[in-house]
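S.K.: coords please:
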Amino acid sequence: MSNHNSEKYRHMIGADVDYLLSVLEGQIDDKQMLAQVNQSLKQLADVKFALDESSIVAVTDEKGKIEYVNDKFCEISKYAREELIGKDHRIINSGYHGKAFFRELWQAISSGQVWRGEIKNRAKDGSFYWVNTTIVPFLDENGKPYQYLAIRSEETQRKRAEQDLKEMMVKVIEIQEDERKRISRELHDGIGQSLFSLLIRLDRLISDHGELAELNTIRGDVSGMMEDIRGLAWELRPSVLDDLGVVPAIRTYLENYSQHFGIQLKLESGLKSRLGIHKETAIYRVIQEALTNIAKYADVAEAQVLLEERAEEVEVRVIDHGQGFNLDRVGRGVGLFSMEERARIVGGHLELTSSPGNGTMVRFVVPKEENKNTGSH
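M.R.: Next comes the predicted model:
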């Protein structure tokens, strides 16, 4: 069979096997070869049937024009087959992904690489759906793609569940911070003020009855309790975070941290603008958690906290040069999970790098503006 014919048959993915056999019978005299072709085509038909039953399938040419779609593609996109053939995938453009997303996708598949990822599309009726996508380029003898096979599975329900979970986590963290703020204020303004009043009364008693040494002991105990309550109120939520912003809150936290743990901290801050209370809270909590871990595990005398403001984002880094650890051998603890969730909720991302003997770095990048996904597809 000629290369021209084999190329033609490879393109006829959706064709009927019996029809193909009828064509081939007129071109192949060798019955054994015809039987082998028959078997191969039946296997191809079986694979096609399995794909059609389980997956959303499309085939495009080298320019991205749609040559074939299966029934599931039509079902989920709500387009008729004739409305899709000859078009490209911009017909199901959701506007969710940016241009860079698709530029990277095309760079990968046009160079012969298999691409995998999740894509949000829009159906003909305007509804949105998510698909887990694998795009396989078919290469010619020169290694250049002449066709692309896209196999997809719907992920809409899972994405909705993820979104519901994200919204729930946002509410949980908001409620947690509101409760921390309320309890902190109550400790500071309620119990703290009551103890301060008690301290004033003790001072009067000591002034009138200085001979009672026990009063001085009691005064010392009350004063110590006041310091503990101030510290607890600060740990719950520092009022300066709400009143003045994240940088003054971090400066005060670092001073208290150094006094308590004996670890010298170097702060470099280029943050000049306010980011909104949710993002500033996320930055504060990530730094707080990272420094807590340094005090517990790093075994160092000093560490660094760096804040860099750029045009569209703020980068936070907490660095130590301590004993470090093997990331593969350490599980995802509650602290790391909390930092990742806070980063995700404000549209940022968090990276943790460490290795034994080389210290640890927590890197948190948060966008200055709300994320708005734009672009084609």
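S.K.: rest of the way, CA atoms for contacts and neighbours
M.R.: Fine.
S.K.: what does stretch 335-345 rub up against?
M.R.: The contact list for stretch 335-345 (C-alpha atoms under 8 Å, 6 or more residues apart in numbering) reads 166, 169-170, 282, 285-286, 289, 349-350, 364-366.
S.K.: these: which two are farthest apart?
M.R.: 166 and 289 (20.8 Å; C-alpha to C-alpha).
S.K.: thinking again about what came up before, ok, of the contacts of stretch 335-345, which come out buried?
M.R.: 170, 282, 285-286, 349-350, 364-366 (16 or more other C-alpha atoms under 10 Å).
S.K.: tell me which of those residues fall in helices.
M.R.: Within the buried ones among the contacts of stretch 335-345, residues falling in helices by DSSP state H are 170, 282, 285-286.
S.K.: for the contacts of stretch 335-345, give me JSON lines that also has pLDDT and distance to residue 272.
M.R.: Below are the contacts of stretch 335-345 laid out as JSON lines (pLDDT from 0 to 100; distance: C-alpha to C-alpha, whole Å):
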{"residue": "166", "pLDDT": "76", "distance to residue 272": "30"}
{"residue": "169", "pLDDT": "75", "distance to residue 272": "29"}
{"residue": "170", "pLDDT": "75", "distance to residue 272": "26"}
{"residue": "282", "pLDDT": "92", "distance to residue 272": "17"}
{"residue": "285", "pLDDT": "92", "distance to residue 272": "19"}
{"residue": "286", "pLDDT": "94", "distance to residue 272": "19"}
{"residue": "289", "pLDDT": "91", "distance to residue 272": "23"}
{"residue": "349", "pLDDT": "93", "distance to residue 272": "21"}
{"residue": "350", "pLDDT": "93", "distance to residue 272": "22"}
{"residue": "364", "pLDDT": "96", "distance to residue 272": "17"}
{"residue": "365", "pLDDT": "95", "distance to residue 272": "16"}
{"residue": "366", "pLDDT": "94", "distance to residue 272": "15"}
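S.K.: with distance to residue 94 added, can I get these in JSON lines?
M.R.: Output for these, formatted as JSON lines (distance: C-alpha to C-alpha, whole Å):
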{"residue": "166", "distance to residue 94": "21"}
{"residue": "169", "distance to residue 94": "26"}
{"residue": "170", "distance to residue 94": "25"}
{"residue": "282", "distance to residue 94": "30"}
{"residue": "285", "distance to residue 94": "35"}
{"residue": "286", "distance to residue 94": "34"}
{"residue": "289", "distance to residue 94": "38"}
{"residue": "349", "distance to residue 94": "24"}
{"residue": "350", "distance to residue 94": "27"}
{"residue": "364", "distance to residue 94": "29"}
{"residue": "365", "distance to residue 94": "26"}
{"residue": "366", "distance to residue 94": "25"}
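S.K.: closest one of these to residue 192?
M.R.: Out of these, the member with the shortest distance to residue 192 (by C-alpha to C-alpha) is residue 285, at 24.2 Å.
S.K.: can you pull the contacts of the closest one?
M.R.: residue 339.
S.K.: same question for residue 152.
M.R.: Applying C-alpha under 8 Å, 6+ apart, the residues contacting residue 152 are 55-57, 131-134.
S.K.: my read: residue 139 touches residue 145, true?
M.R.: Yes. Using C-alpha atoms under 8 Å, residue 139 is in contact with residue 145, at 4.2 Å.
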